[in-house]
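Engineer: make a model of this:
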Amino acid sequence: MQYKVLDYHYTDYAKAVKEDNNYISSYSKKYIIEKNNYSEDFADSVAKYLINNKKLSEKYSNRQEYIEQILDISEGGLYET
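Structural biologist: Numbering: from 1, shown residues only. Below is the predicted model:
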């Protein structure tokens, strides 16, 4: 396993969110708009990824790609069938 440096300002993640052009939840939308903070959106996205990564990729493909990149998961997701 390689060590990775996480961007605690969510710079690259914010780009993925903007490319997806859709908010993952109303709470994370409020957090992004009012505080310019992507931490809640990231947490919601990871939770949805763990529950059903295929469904996440339908609406939020850039977030899925980002999550898989930082978790070092190959294309196809965490749970391959």
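
Engineer: ranges for the helices of this structure?
Structural biologist: 11-20, 26-35, 39-59, 61-71 (DSSP state H).

Engineer: who's in contact with the closest residue to residue 12 other than its chain neighbours?
Structural biologist: In space, residue 12 comes closest to residue 66 once its chain neighbours are excluded; the distance is 6.7 Å by CB to CB, 6 or more residues apart in numbering. For glycine as for every other residue, the C-beta is placed from the backbone atoms N, C-alpha and C. Neighbouring residues of residue 66 by CB atoms under 8 Å, 6 or more residues apart in numbering: 12, 13, 16.

Engineer: low-confidence stretches in the chain?
Structural biologist: Where the chain drops to pLDDT under 70, the residues are 1-6, 74-81.

Engineer: spatially central residue in it, please.
Structural biologist: residue 63 (3.6 Å; CA atoms, centre = their mean).

Engineer: thought that one was touching residue 17?
Structural biologist: Yes. Contact between residue 63 and residue 17 holds when scored by CB atoms under 8 Å: they sit 6.8 Å apart.

Engineer: show me what contacts residue 41?
Structural biologist: 13, 17, 23, 24, 25, 28, 29, 31, 32 are the contacts of residue 41 under CB under 8 Å, 6+ apart.

Engineer: burial of the second one, as a residue count?
Structural biologist: This points to residue 17. 22 (other CB atoms under 10 Å).

Engineer: what does the first one give?
Structural biologist: As a burial measure, the neighbour count of residue 13 was computed by other CB under 10 Å and equals 21.
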